[in-house]
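# Fold the following and give me the result.
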Amino acid sequence: MRGLTTEDLAAIALDLVGWSELPPDSAIYVPGRGIRRVLVGIDIGTAELLLARQLGCDAVVAHHPVGMRHRMAPVYRRHVELMIAHGIPREAAEAAVRERMEDLETSGHSDNYDHVISVARLLNIPFLNLHAPCDEAGRRILQGVIDETLARNPHARLQEIVEALGQLSEFQKAETPIWIAMGEPDAPAGKVVMVHGALTNGGYAVARTYFEHGIDTVAYIHIAPGELSRLRREGRGQLLITGHIASDSVGINPWIAELEARGMEVIRISGILGHFDPRNRRFLKRA
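Predicted structure coming up:
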């Protein structure tokens with residue numbers, strides 16, 4: 001194997017979902033080539049960069065962005081695209097994301113955006129992160145499992161959706177079980193939307209907007225306690241929480257599988273669970 005470049009690693013992730021360029025929450029921080037052995041983790045800091053050097057890795061790949069919050073508000077706007085795709089009027093979708101986008105733009109100014117990246121430069125170790133492409137791959141797989149469950153049984157209960165998702169290896173390895181945060185296990189799931197792949201969960205505002213426009217069940221990978229409390233007080237809709245680390249792993253594992261198919265050695269760290277089932281590749285073709 002001649003070894004890959006950091007650009008190759010990014011292109012493989014983009015190809016999984018049919019995208020042509022990296023979104024603002026993903027980046028090549030330190031470019032490199034001749035990569036045969038790579039350390040991959042959901043979160044990467046300075047300690048993991050040093051560990052990679054000790055392990056003889058040629059590159060390090062993080063899932064979560066590193067010091068880029070000042071650039072990421074446009075990625076959150078993808079919630080608008082997802083809502084419109086599920087029949088929500090653009091005006092309502094735009095209103096649902098407006099406050100959180102302002103928060104992201106403001107809070108990004110407090111970050112030390114060069115902290116971890118400067119260490120990678122000093123170590124001269126190729127370093128990148130791949131966030132939205134992998135999350136989009138995960139969203140398609142999770143929504144695909146949900147859709148197939150409802151296609152087999154349009155009257156499926158919430159618990160049946162939980163059990164179907166729970167068959168994925170990532171959830172079988174997780175310490176945080178899929179959780180019915182709002183609703184009863186025996187209640188009909190109805191219309192279910194997996195809300196993922198737009199930087200972070202949409203919290204109260206996005207879930208409420210789905211509920212107001214005919215979606216019965218929203219699935220998030222996580223939610224802040226205060227946002228959940230607001231939704232519960234209103235008593236509208238059903239909410240599933242699939243779990244952050246396992247759900248992120250669902251989208252990272254197809255990319256890792258592609259690397260390994262090319263002869264790369266991948267060392268997993270920092271929360272990557274389970275493995276990619278090739279039978280789920282069909283879901284990746286869905287937009």
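# what's the helix or strand for residue 247?
Per DSSP states H and E: residue 247 is located in helix 244-261.
# which residues in the stretch 51-200 of the chain form helices?
Using DSSP state H, counting those that start in this stretch, the helices of the stretch 51-200 of the chain run over 73-76, 78-85, 90-107, 115-123, 132-152, 158-165, 169-173.
# Residue 3: which of the ones you listed is closest?
helix 115-123 (18.3 Å; Cβ to Cβ). To be clear about C-beta, it is placed using only N, CA and C from the backbone, and glycine gets the same treatment.
# re the thing from before, could you export the helices of the stretch 51-200 of the chain as a markdown table, including mean pLDDT, distance to residue 8 and mean neighbour count?
What follows is those, written out as a markdown table (pLDDT from 0 to 100; distance: least, Cβ to Cβ, whole Å; neighbours: other Cβ atoms under 10 Å):
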| stretch | mean pLDDT | distance to residue 8 | mean neighbour count |
| --- | --- | --- | --- |
| helix 73-76 | 92 | 23 | 20 |
| helix 78-85 | 97 | 25 | 19 |
| helix 90-107 | 92 | 30 | 16 |
| helix 115-123 | 96 | 18 | 16 |
| helix 132-152 | 98 | 14 | 22 |
| helix 158-165 | 98 | 32 | 20 |
| helix 169-173 | 98 | 25 | 18 |
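# So for residue 230, which of those helices sits nearest?
Of all these, it is helix 90-107 that lies closest to residue 230, at 12.9 Å by Cβ to Cβ.
# Can I get the closest one in CSV? Just the C-alpha atoms.
This file holds the C-alpha atoms of helix 90-107, laid out as CSV (Å, rounded to 0.1, in the frame of the first residue of the first chain):
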residue,chain,number,x,y,z
ARG,A,90,-39.3,27.5,5.5
GLU,A,91,-40.4,30.4,7.7
ALA,A,92,-41.1,28.1,10.6
ALA,A,93,-37.8,26.2,10.1
GLU,A,94,-35.8,29.4,10.0
ALA,A,95,-37.4,30.7,13.2
ALA,A,96,-36.6,27.4,15.0
VAL,A,97,-32.8,27.8,14.4
ARG,A,98,-32.4,31.6,14.7
GLU,A,99,-31.6,31.9,18.4
ARG,A,100,-29.2,29.0,18.5
MET,A,101,-27.3,30.2,15.5
GLU,A,102,-26.8,33.6,17.2
ASP,A,103,-25.5,31.7,20.3
LEU,A,104,-23.0,29.8,18.3
GLU,A,105,-21.7,32.9,16.5
THR,A,106,-21.3,34.7,19.8
SER,A,107,-19.8,31.9,21.9
